[in-house]
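**Student:** Have a look; sequence and predicted model below, questions after that.
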Amino acid sequence: MPTSRSISLVVSVFAVAGWGSFSQAQSRPAAATAVTYLFPEQITVAADKPTAVDLHFKVAPGLHVNSHTPHGEEFIATTLNVPDASGVHLVNATFPPGTDFSFPIDPKEKLSVYTGEFIIHAELSATRGEHLVEATLRYQACNTNVCMPPHSIPVAIDVIAK
């Protein structure tokens, strides 16, 4: 039969374990709000001709995402993907250069990251007609303490090709 002391010990262990999970969740960035697609939502292009389009994104305050060309293979690069079946083709995407970032614990190690707002200069080609493209931006967001798993957000663009 358990004593009140052993029951109290078990309750204390669960309380501490629960608090650890709670505090870890509080320091982990929220995946859904790490990066926001700002605009454009609709563009008009010449049919079957590559057209330049600037795609604007914003990284939430206190977070950073690895750039398109991180400084190590172990880091997950930010990428843009346009599905093949959308009637729109991503001819080229030029990502901005990353900003060097280091942690106070190891100032010699530099990461290439995006913070604040950044723009991807894309070149799109579309067949004649109206196409609702559901492109995706894939990234890995971190704060100064922890990185969350890679995440993708929709980049919806209404493309009207005339």
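**Tutor:** Perfect, thanks for sending it.

**Student:** For Ile105, see how far away the residue most central in space within the chain is.
**Tutor:** Compute the mean C-alpha point of the chain, and by CA atoms, centre = their mean the closest residue is Tyr139, 3.5 Å away. For Tyr139, the distance to Ile105 equals 23 Å [CB to CB, to the nearest Å]. Glycine gets a C-beta too; all of them are placed from N, C-alpha and C.

**Student:** So which residues of the protein form strands?
**Tutor:** 35-39, 42-45, 51-59, 64-66, 79-81, 88-94, 99-103, 106-114, 117-126, 129-139, 141-142, 151-161 (DSSP state E).

**Student:** and of those strands, who's closest to Gly72?
**Tutor:** Ranking the strands of the chain by proximity to Gly72 (CB to CB) places strand 106-114 first, at 8.3 Å.

**Student:** Export only the CA atoms of the closest one, formatted as CSV.
**Tutor:** Provided in CSV are the C-alpha atoms of strand 106-114 (Å, rounded to 0.1, in the frame of the first residue of the first chain):
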residue,chain,number,x,y,z
ASP,A,106,30.2,30.7,-30.0
PRO,A,107,30.8,34.0,-31.8
LYS,A,108,33.2,32.4,-34.3
GLU,A,109,30.5,30.2,-35.9
LYS,A,110,28.5,32.2,-38.3
LEU,A,111,25.1,31.2,-39.7
SER,A,112,23.6,32.6,-42.9
VAL,A,113,20.0,33.6,-42.0
TYR,A,114,17.1,35.8,-42.9
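
**Student:** list the buried ones in that strand?
**Tutor:** Across strand 106-114, burial judged by 16 or more other CB atoms under 10 Å covers 111-114.

**Student:** nearest to Pro96, of those residues?
**Tutor:** Closest approach to Pro96 among the buried residues of strand 106-114 (CB to CB): Tyr114, at 7.1 Å.

**Student:** Who does the closest one form a beta bridge with?
**Tutor:** Residues in a beta bridge with Tyr114, per DSSP bridges, are Val65.

**Student:** and it, what is it in contact with?
**Tutor:** Counting by CB atoms under 8 Å, 6 or more residues apart in numbering, Tyr114 touches 57, 59, 64-67, 78, 96, 98-99.
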